[in-house]
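Asker: sequence first, then the predicted structure:
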Amino acid sequence: MTSPAPAPAPTARLAILSPGFPSVPGGVTDHTQRLVRSWSAAGHSVEVLGRTDADADSVTADLAGSGVTALLVQYVPFLYGRRGLSGWPERVARAARSRGIRVTLFVHEPWVPLTRLPWLVLGPLQRRQLRRLVRVADRTVTAVPAWRDLLGAAVDLVYVGSNLGSLPPTVPAPLSSPVVFSPTAAGFRFDWVAAAAHAIGASPGLVCIGIDASAARHHPGLAAHFDSSWDWRGRLSATDALGVMARARLVLAPFEDGATGRRTSLLAAVSSGARVLSTTGPLFDPVFREGPILLAGSQPEFRDLAVRVWKTPDHSADREARLRWHRTHMEPSDLDARLLRITRGEP
């Protein structure tokens, strides 16, 4: 005799605090958009708060009046103020909890590192600000294991995952050049990419997704290594960007702090099934040592490994193994479902 299927979880009214949504582009906005789609598809009502200039008491009174029971706060310090300093998210969290709304804090970035003179002042202030917010929240989540101890509380680990959607059903012939996606991201080592591309010697030397040639020529992080002969594709739709990476023989994704589960461009590349070369670093997540991502710890190692991989044939069985790892460890629908359970306070 078969057991009856478990009853579906009752629907809920949820809210997400995501400054700038939906007009300000970026990884947090993309993540919020994906959560809205995923949680709505699960039968829940999801409201997004994109403004930070409203009175905290009025905002939370409206949420409580509409039946919202849980609030997810998307946190990057600079989303809430030009210098990353604002007491507004804490006021919203306190007011929400006072009205019986459960508060979950997702820390995408905690505070600036003490590596620049202005940050010697900002860093400690942002750290104090975040730790106060952590104490107010019911639960705190981050995508980076190295940050869990820094936050001084029991913190759940939930990766962000790819925001590009599902892989196209068919993938055309491979490209003749290595690919880079979102090279203007903070901490992206485009100088490493340029050196690897020149060492590989493909024609064109590189396919760049996320910025066009005219913008790249003047971008402070790219101008010194700009090459007009490369294929600058500009901003593509999610489907087209994923389709290009699925055709890549190699995607180059070096970050100065290492591969982590918050790097949506890296995880998008992994979701495409392509071979991906990334880096270790101070925030590196050991989960990537267990997976199919190739890793380098220095610029010469990155360059030489890129050349060796480029010369090595890729096989369909290896591609399927990479896709299987992604489905097991980084599938966005699974990550969204876990974050939903945490936000609602479920086991």
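Answerer: In hand now; what should we look at? None of these values were measured; they are calculated from a predicted model.
Asker: what's the lengthiest helix in the chain in contact with?
Answerer: The residue-count maximum for a helix in the chain (DSSP state H) belongs to helix 119-136. The contact list for helix 119-136, computed with CB atoms under 8 Å, 6 or more residues apart in numbering, reads 73, 75, 77, 83-87, 89-90, 93-94, 97, 103, 105, 107, 110-114, 140, 151-153. Using the backbone N, CA and C atoms, a C-beta is placed for each residue, glycine as well.
Asker: give me that answer again for 6 Å
Answerer: Helix 119-136 is contacted from outside by 77, 84-85, 89-90, 93-94, 110-112, 114, 140, 151-153, using CB atoms under 6 Å, 6 or more residues apart in numbering.
Asker: and what of stretch 11-27?
Answerer: By CB under 6 Å, 6+ apart, the surrounding residues in contact with stretch 11-27 are 29, 32, 43-50, 52, 63, 67-74, 79, 264.
Asker: from start to finish, how long is that stretch in a straight line?
Answerer: Start and end residues of stretch 11-27 are separated by 27 Å (CA to CA, to the nearest Å).
Asker: distance between it and the chain's centre?
Answerer: Centre-to-centre, stretch 11-27 and its host chain are 14 Å apart (CA atoms, centre = their mean, to the nearest Å).
Asker: and it, which residues are buried?
Answerer: Going by neighbour count (16 or more other CB atoms under 10 Å), the buried part of stretch 11-27 is 12, 14, 15, 16, 17, 18, 19, 20, 21, 26, 27.
Asker: possible to save those as a markdown table with secondary structure, distance to residue 219 and pLDDT?
Answerer: Formatted as a markdown table, the buried residues of stretch 11-27 follow (DSSP: H, G, I helix; E, B strand; the rest coil; distance: CB to CB, whole Å; pLDDT from 0 to 100):
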| residue | secondary structure | distance to residue 219 | pLDDT |
| --- | --- | --- | --- |
| 12 | coil | 43 | 91 |
| 14 | strand | 37 | 98 |
| 15 | strand | 36 | 98 |
| 16 | strand | 31 | 98 |
| 17 | strand | 31 | 98 |
| 18 | coil | 26 | 97 |
| 19 | coil | 24 | 96 |
| 20 | coil | 21 | 93 |
| 21 | coil | 25 | 94 |
| 26 | coil | 16 | 89 |
| 27 | helix | 18 | 91 |
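Asker: distance of residue 78 relative to residue 58?
Answerer: Residue 78 sits at a distance of 24 Å from residue 58 (criterion: CB to CB, to the nearest Å).
Asker: who's more crowded, the two?
Answerer: The neighbour count for residue 78 versus residue 58, taken as other CB atoms under 10 Å, is higher for residue 78 (15 against 10).
Asker: not counting its neighbours along the chain, what's nearest that one?
Answerer: residue 84 (4.5 Å; CB to CB, 6 or more residues apart in numbering).
Asker: same question for residue 155.
Answerer: Nearest non-adjacent residue to residue 155, counting by CB to CB, 6+ apart: residue 148, 4.4 Å away.
Asker: surely the one you found is in contact with residue 156?
Answerer: No: the criterion here is CB atoms under 6 Å, and residue 148 misses it with residue 156 at 8.6 Å.
Asker: circling back to that earlier point, buried stuff in the longest helix of the chain?
Answerer: Applying 16+ other CB under 10 Å to helix 119-136 flags 119, 122, 123, 125, 126, 127, 129, 130, 133, 134, 136 as buried.
Asker: next secondary structure after that helix?
Answerer: strand 139-142 (DSSP states H and E).
Asker: buried ones among the contacts of stretch 11-27?
Answerer: Buried subset of the contacts of stretch 11-27 (neighbour count, 16+ other CB under 10 Å): 29, 32, 44, 46, 48-49, 52, 63, 68-74, 79, 264.
Asker: could you chop the protein up by domain?
Answerer: The record's domain split for the chain, according to automatic domain parsing, is 13-160+332-344, 179-329.
Asker: how about the ones you listed in JSON lines, adding distance to residue 168?
Answerer: As requested, those are exported to JSON lines (distance: least, CB to CB, whole Å):
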{"stretch": "domain 13-160+332-344", "distance to residue 168": "16"}
{"stretch": "domain 179-329", "distance to residue 168": "5"}
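Asker: which helix or strand contains the nearest residue to residue 100 once chain neighbours are set aside?
Answerer: Spatial nearest neighbour of residue 100, chain neighbours left out: residue 64 (6.9 Å); criterion: CB to CB, 6+ apart. Using DSSP H and E, residue 64 falls within helix 56-65.
Asker: need the phi and psi values for residue 74.
Answerer: Dihedral angles of residue 74 (phi, psi; degrees, to the nearest 10) stand at phi -80, psi 120.
Asker: thinking it is in contact with residue 29, fair?
Answerer: No: checked against CB under 6 Å, the pair residue 74 and residue 29 is beyond contact range at 8.8 Å.
Asker: re earlier: show me what contacts the residue nearest to residue 78?
Answerer: If a contact means CB under 6 Å, 6+ apart, then residue 84 has 77, 78, 126 as its contacts.
Asker: out of those residues, which comes closest to residue 238?
Answerer: residue 78 (24.4 Å; CB to CB).
Asker: A helix includes the closest one, no?
Answerer: Yes: counting by DSSP: H, G, I helix; E, B strand; the rest coil, residue 78 is located in a helix.
Asker: could you tell me how far it is located from residue 162?
Answerer: 23 Å.
Asker: ok, residue 343 next?
Answerer: Separation of residue 343 from residue 162 (CB to CB) stands at 20 Å.
Asker: low-confidence stretches in the stretch 151-300 of the chain?
Answerer: Along the stretch 151-300 of the chain, no part satisfies pLDDT under 70.
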